[in-house]
Every structure is written in C-alpha cells, then in structure tokens.
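A.B. asks: below are the sequence and a predicted model for it; my questions follow.
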Amino acid sequence: MARAGLDVLVLERRGRVGGAVASEELVPGFTFSTCAYALHLLHERVVDELGLELDLIESPEPTVLLPDGAALRADESGARALGELDAWRAWDRGWDEGATLVDGTLLGEPPLWESLDSPLADVSMAQLLERHFELPEARALFDRLYFEGDPDEPGGPLAYAYVETSRKRDARVKGVPRGGMGEVADAFARAADDAGARVHVCSEVLRMHPTVVVADGRQLTARAVLVNAAPDDPRPRGPRGAKVHCALRGEPDLSRLGVEREELGVVAVRDDDGSLVELQLPSLRDESLAPPGCHTLSIFMPKALPDALARAERAIPNLRDIVVAVVEHGPDELERRVGLRVGQVHHVPHVPAAMFDRRGGARTEVEGVYRCGAAAHPGGEVSGIPGWNAAQAVLADLT
C-alpha cells in the first residue's frame, strides 16, 4: 500500500500491465494466458493486504501420461495403482517437511543456504527418486514437473522446495483465474490505483540510475526504483522455455486420459527421453475463453522442444483434426513480448546456485535500486512475495 509522503509511479513497457501475467486474444474469439497459467504460490498476506478480489477455478492434481501410454494422477491414487503407496507416503512427507522449512523463509531477507537444515540439501533429485521408488514408472510419475536443474546435482531438491510451498497456501488463493491470468494483473493494477499509485503503460525504461529515462523522453527522479524486469544476463542460465497456443474448433478427445472432464487439471506428457510437455485446457471449465463449441489449448514446454503438436497428440488423438490456428511463442518470442530473457520463465532458474541468499533479496548493490521480480528471493511463479519484500525494504529505508 502507498504511504503518505511516497509518490508511486508504475511504468510498464507493454500496452497493458502484467508482463508474463497476461491474457491475450491471440486468435480472434480465443483468449489465452500468454505465459503464466495458474496460481499456486500466491501468498495470502499479499492478497489480504492489497485486498485482491480473484475469481479462481480449482485445478485438480496433474494427470501424467507416461511413456508406455498409462495415464495416472500424480497423487495417492497414482501411487496406489502402481503398488507404491508406502513409498509415496514417505516421499510426500519429505516434501511437506521441506516445504514447511522453506515457507518460513519467504517473507523478508533470504536466509543463508547453509542455515537450512534439510536432508534435501545433500541429495540430488535423481537420488531422491531412486531412494523412494522401485518402479521406473513411479519415478516418472512423481518426478517434479517444474524441476529445472540438473537431476544429478546435490541440493536440487532443496532449491525446488520453494515450489512445494504451494502446499502451504490457502485453497482460496489457488487455481486458474476465470478469464485468464490477465485478470490477476488487473487486480494488482486496481490495488495500486486504489493505493494512490499512477500506472503508465507503453512506457519503456531506457535507463534507471541515477535518473529514470523513459523512451518517450521523460526523465524522472526517484528516491527508490523497483525493478521487475529479468536480468540482462541471468546466471546461471536455466532451460529455454516455450509456449504454443492452439485454437480448437471442437471437443478434444480425452479418452486416453481416463479422467472426467471436470476432474482434469493440467496434463503432463512424458517421453522416453525424459522430456516433458504440459497441456493446459482452461476452456473446459471457463467457457468465456472460446466461442461456443470451441476450446483453447496451451502447450508449455519447460525446455523448448520440436513438434509440440505431435507430443500433445499422444494425449489428445484428434488434436490435428480440430486445430484451426496455432500461435508459437519460442524463447526468443517470449523475450521480445514479455521480457523473459532467453525464455527463462523464472528470470533466474530455481537451482542451488541461485536460491535463498545466493539469489539475493530486494536490496541491490546500487543504493536506491531494488529488485521486486522473480529474479529476487524467493523466486519465480506468481507469488507476489518479491514485490512485498521490496516494498518492505523501501519503506524501512525511506520512512
């Protein structure tokens, strides 16, 4: 919230607020969430203090299509089907303990990596999976969908445990926004406006220290500059993400997935080579996104891969028959459109070299310049926490 004596100006390069948290009519009549898709890490404190009002549709646990064609839920039911229930319970308990530890570090200055006493710090993701599950099918099912590090690097699970803090979030702040992710960006913009901030779109910043220089020629002086943009040269670099949006003229065939339409969340399609694509079908429950009888499909590839449609067709066999338009946003296009350098959706990957104190907090080495985006602690995804941390730092420093 804006405080008395603080004049707040928000500059957005694009014609609408949100960056990667945007909805766009990429095909006439079809609305897509351009990059970010759902809320699972948005923090209750951010929502409550800003008074955000969100209309969210519950998103069930992912369905995973394994290389052998079996479709299972990545939860207790999938573990029971594979005869790995006891192993899954121990696996899930370990993640819950890691999430509880990391959840206590989210608000405020980042902790030292070495101060986090967790067994997840000493093991790699591959080792963790092998220790828990005997069957390769179970390891493929329960491998973390959004893990982007080296599977053989010790500490990878602790870096990933930030994503697992979704377990600690209230159900009321989790789900797929009705109307697309742009509704979330608009809610934040309304909160900023209500607090007295002025939001200017189509305002590209060319330089920000010591004077903020805007592309239209304005030169602004500021006691504090908060930067939400991704760093020019993220280190370490993570995988180059991509997203493919498809307009569908009919009902997708979901018979291979064995899940009722109303129970379907995202679909993770795994291949023999370990690669993954995630299928998102929000129009199955949000009819506002497409014309009557039509649907939207977005294919997220954490690592940009060739022939996204062929991979998606494993789960939706009639896909090519009902596709009427395809819009591809590869890594370079994601960078051009929404500022995701090299297509890195978290600005900086969630890996041991770039989490907690190694990622850095809101304050930078330049006095008066603060980081409020995904490159700052605790990391990427739509949590609102980096912005909350930056606001607290500015208020402490200037008031």
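C.D. replies: Nice, thanks for sending it over.
A.B. asks: my guess is Ala138 meets Glu84, correct?
C.D. replies: Yes. Counting by CB atoms under 8 Å, Ala138 does reach Glu84; the two are 4.5 Å apart. No exception for glycine: its C-beta is placed from N, CA and C like everyone else's.
A.B. asks: what's the spacing between Pro292 and Asp286?
C.D. replies: 13 Å (CB to CB, to the nearest Å).
A.B. asks: between these two, which one's more packed in?
C.D. replies: Asp286 (18 against 6; other CB atoms under 10 Å).
A.B. asks: just give the nearest non-adjacent residue to the more buried one, would you?
C.D. replies: Distances taken as CB to CB, 6 or more residues apart in numbering place Arg178 nearest to Asp286, at 5.3 Å, with adjacent residues excluded.
A.B. asks: burial check on that neighbour, number of neighbours?
C.D. replies: By other CB under 10 Å, neighbour count at Arg178 equals 16.
A.B. asks: same question, Asp55
C.D. replies: Neighbours around Asp55, by other CB under 10 Å: 12.
A.B. asks: and if you look at Leu107?
C.D. replies: By other CB under 10 Å, 15 other residues sit near Leu107.
A.B. asks: helix or strand for it, which one?
C.D. replies: Under the assignment given by DSSP states H and E, Leu107 is not contained in any helix or strand.
A.B. asks: quick thing: my sequence starts at 61, can you match it?
C.D. replies: In the new numbering, first residue 61, that becomes Leu167.
A.B. asks: and it, what is it in contact with?
C.D. replies: Shown in contact with Leu167 (CB atoms under 8 Å, 6 or more residues apart in numbering): His103, Arg105, Ile445, Trp448, Asn449.
A.B. asks: closest to Tyr206 among the residues you listed?
C.D. replies: Tyr206 lies nearest to Ile445 out of those, by CB to CB, at 16.6 Å.
A.B. asks: right, and that closest one touches His103 too?
C.D. replies: Yes. The pair Ile445 / His103 is scored as a contact, 5.3 Å apart, by CB under 8 Å.
A.B. asks: in the stretch 111-260 of the chain, which spans are strands?
C.D. replies: 116-117, 123-125, 131-133, 236-237, 258-260 (DSSP state E, counting those that start in this stretch).
A.B. asks: picking that back up, just send the contacts of Leu167 back as CSV, with pLDDT too.
C.D. replies: What follows is the contacts of Leu167, written out as CSV (pLDDT from 0 to 100):
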residue, pLDDT
His103, 98
Arg105, 97
Ile445, 98
Trp448, 97
Asn449, 98
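A.B. asks: make a ChimeraX selection of whichever of those turn out to be buried.
C.D. replies: Buried residues among the contacts of Leu167 (16 or more other CB atoms under 10 Å), as a ChimeraX selection:
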select :103,445,448,449
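A.B. asks: the contacts of Leu167 in helices, which ones?
C.D. replies: Arg105, Ile445, Trp448, Asn449 (DSSP state H).
A.B. asks: for these, which one is nearest Ala96?
C.D. replies: Ile445 (14.7 Å).
A.B. asks: contacting residues around the closest one?
C.D. replies: Taking CB under 8 Å, 6+ apart, one finds Leu101, His103, Val106, Leu166, Leu167, Pro438 in contact with Ile445.
A.B. asks: give me the distance between it and Tyr222.
C.D. replies: Counting by CB to CB, the gap from Ile445 to Tyr222 is 10 Å.
A.B. asks: what does Asp246 give?
C.D. replies: Note on Asp246: its distance to Tyr222, by CB to CB, is 26 Å.
A.B. asks: those two: which is more packed in?
C.D. replies: With neighbours defined as other CB under 10 Å, Asp246 and Tyr222 compare such that Tyr222 has more, 27 against 18.
A.B. asks: wait, that one sits on Val411?
C.D. replies: No. With contacts counted by CB under 8 Å, Tyr222 stays clear of Val411, the gap being 11.0 Å.
A.B. asks: quick one: contacts for the residue nearest to Leu161 when sequence neighbours are not counted?
C.D. replies: Excluding its sequence neighbours, the residue lying closest to Leu161 (CB to CB, 6+ apart) is Ser178, at 5.5 Å. The contact partners of Ser178, by CB under 8 Å, 6+ apart, come to Glu157, Gly158, Leu161, Leu218, Ala221.
A.B. asks: what's around the second one, how many residues?
C.D. replies: By the criterion of other CB under 10 Å, Gly158 has 23 neighbours.
A.B. asks: alright, I will stop here.
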